[in-house]
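Asks: Everything below, folded, please.
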Amino acid sequence: MKKSPLKGIIDFLGLNKTMLTMLIMVVFLGLGEKMAERFLPLYIIALGGSSISVAFLNGMDNLLSALYSFPGGYLSDRIGYKKSLIAFIVMAMIGYLIVIVFPGWKAVLVGAVFFISWSAISLPAIMSLVSKSVKKEKQTIGVSLHSLVRRIPMGLGPILGGILIGMYGKIVGVKIAFACAFVLGLMSIFFIKKYMAEDPAIMGKGMGLKESFSGINPDLRVLLASDILIRFAEQIPYAFVVLWVVDNLHFSALQFGVLTGIEMLTAMVVYIPIAFLADRYGKKPFVVITFGFFTIFPLLIYYSRTFEMLVFAFIIRGLKEFGEPARKSLILDLAPPSAKASTFGTYYLIRDVIVSMAAFSAGFLWNISPKVNFMTAFAFGITGTLFFLLFGKENRNES
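Replies: Numbers count the residues shown, from 1 in each chain. You can find the predicted model right below:
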């Protein structure tokens, strides 16, 4: 019997009921999160915080992302991805409530302990879900679908957040955004409980931390070292991009939201075709190219003075997602079959603990001058790209 076009698309993408539920959850949680989180640097400054406070928040994000990655993977291996995801959402909602209820910028730092690293703590469970519910030959496309769909709220959320700030101001607007995030969290839990299948392969155990470290082989270590240098290039200017655009270049919060939307739209356009090509022709070239885009963004954003130039810079920023699914897929290829979530979490634990040091120091670089901040990031990007280009291995046939 001839296959219908819709069935052909579903088969090509490797979609099923559990994957669809996960994607809906990613949209809901991401939308609430990005409406508010993207503007937290403006919120902190508006409440009397300093650029050091902003850098501290970003450093805390990286550090907690690292520390939460391993327990996120361990919990997923022990109790399954479904129960883990519900637990992580409840944790984020507690953080939203703290920011809504308590005034002052310090409440942001307390609340952020619960919500700012939701993506990191949930990522191993989501990757475990993809590896268990999607065929192996569709794994990169499965990872790409997650990466693609999470860009929808990343693009739309800042625009909605910018509108709220334009209507109600930086403080009230951000609090309303967090209230929306809380409601979307409740809706996500409803969808997961009703439609997501139970984990079909709960082992009742997870890898210990020491065992997970030993699972990262030499090829994965090269990727990890390069990735760390590239994240330096990303995270040193990360929290200050919104301050650069809104406070230094004097564009509005809504215009910043539009720029973010352009970045996410760019990323979404390239995800699926690149994932298909990476599965077919190898992953290293795509990872090298994406590292190049990470590198050039700090240079472009610093020299952009008009809105048109900023649009070009944010398109380049969107293209940095070019080889991200291929990079994540390489990690999954090398992870032990019974502990993919734990190994994935360990990789992020090592990477983000180190990268958080760069994020914490970013405020001091910013206080010297924005140029020092952006150019330092650019230098780290060049180093990381060359290192992976020279020493990185193609692991597609080694799993």
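
Asks: Mean pLDDT per helix and strand in this protein: which one sits at the bottom?
Replies: helix 209-214 (a mean of 66; mean pLDDT, DSSP states H and E).

Asks: So, low pLDDT: which residues of the stretch 151-300 of the chain?
Replies: Confidence mapping of the stretch 151-300 of the chain against pLDDT under 70 gives the ranges 200-215, 272, 275-276, 278-280.

Asks: what about the helices in it?
Replies: Using DSSP state H, counting those that start in this stretch, the helices of the stretch 151-300 of the chain run over 209-214, 218-238, 241-243, 253-281, 284-303.

Asks: helix or strand for the nearest residue to residue 300 once chain neighbours are set aside, which one?
Replies: Residue nearest to residue 300 in three dimensions, not counting chain neighbours: residue 313, with 4.1 Å by Cβ to Cβ, 6 or more residues apart in numbering. (C-beta placed from N, C-alpha, C; glycine too.) Assessed by DSSP states H and E, residue 313 sits inside helix 307-319.

Asks: Packing partners of whichever helix or strand comes after that helix?
Replies: Using DSSP H and E, the next helix or strand after helix 307-319 towards the C-terminus is helix 324-334. Applying 3 or more Cβ pairs under 8 Å, 6 or more residues apart in numbering; DSSP states H and E, we find helix 324-334 packed against helix 118-133, helix 139-195, helix 218-238, helix 253-281, helix 284-303, helix 340-368.

Asks: Tabulate the CA atom coordinates of the fifth one in PDB.
Replies: Right, helix 284-303. Taking C-alpha atoms only, helix 284-303 is exported to PDB below (Å, rounded to 0.1, in the frame of the first residue of the first chain):
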ATOM      1  CA  LYS A 284      32.800  16.700  12.300                       C
ATOM      2  CA  PRO A 285      32.500  19.200   9.400                       C
ATOM      3  CA  PHE A 286      29.200  20.500  10.800                       C
ATOM      4  CA  VAL A 287      30.600  20.800  14.300                       C
ATOM      5  CA  VAL A 288      33.600  22.700  13.000                       C
ATOM      6  CA  ILE A 289      31.400  25.100  11.100                       C
ATOM      7  CA  THR A 290      29.100  25.700  14.100                       C
ATOM      8  CA  PHE A 291      32.200  26.400  16.300                       C
ATOM      9  CA  GLY A 292      33.100  29.100  13.700                       C
ATOM     10  CA  PHE A 293      29.800  30.800  14.000                       C
ATOM     11  CA  PHE A 294      30.200  30.800  17.900                       C
ATOM     12  CA  THR A 295      33.500  32.500  17.400                       C
ATOM     13  CA  ILE A 296      32.600  35.300  15.000                       C
ATOM     14  CA  PHE A 297      29.500  36.500  16.900                       C
ATOM     15  CA  PRO A 298      31.200  38.500  19.600                       C
ATOM     16  CA  LEU A 299      33.300  40.300  16.900                       C
ATOM     17  CA  LEU A 300      30.200  41.200  14.900                       C
ATOM     18  CA  ILE A 301      28.000  42.300  17.800                       C
ATOM     19  CA  TYR A 302      30.700  44.700  19.000                       C
ATOM     20  CA  TYR A 303      31.100  46.400  15.600                       C
END
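
Asks: could I get the helices and strands packed on helix 324-334 as JSON lines with distance to residue 332 and mean neighbour count?
Replies: Shown next, in JSON lines, are these (distance: least, Cβ to Cβ, whole Å; neighbours: other Cβ atoms under 10 Å):
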{"stretch": "helix 118-133", "distance to residue 332": "6", "mean neighbour count": "25"}
{"stretch": "helix 139-195", "distance to residue 332": "6", "mean neighbour count": "20"}
{"stretch": "helix 218-238", "distance to residue 332": "11", "mean neighbour count": "21"}
{"stretch": "helix 253-281", "distance to residue 332": "12", "mean neighbour count": "20"}
{"stretch": "helix 284-303", "distance to residue 332": "14", "mean neighbour count": "21"}
{"stretch": "helix 340-368", "distance to residue 332": "6", "mean neighbour count": "23"}
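
Asks: rewinding a little: tell me the buried residues in the helix holding residue 313?
Replies: The neighbour-count check on helix 307-319 (16 or more other Cβ atoms under 10 Å) flags 310, 313, 314, 315, 316, 317, 318, 319 as buried.

Asks: what's near enough to touch the residue nearest to residue 300?
Replies: 297, 300, 301, 304 (Cβ atoms under 8 Å, 6 or more residues apart in numbering).

Asks: Mind doing that once more with 10 Å?
Replies: 241, 245, 259, 262-263, 296-304 (Cβ atoms under 10 Å, 6 or more residues apart in numbering).

Asks: tell me the mean pLDDT for stretch 92-105?
Replies: In this model, stretch 92-105 has a mean pLDDT of 90.

Asks: Return the distance of it from the chain's centre.
Replies: Computed by Cα atoms, centre = their mean, to the nearest Å, the chain-centroid distance of stretch 92-105 equals 22 Å.
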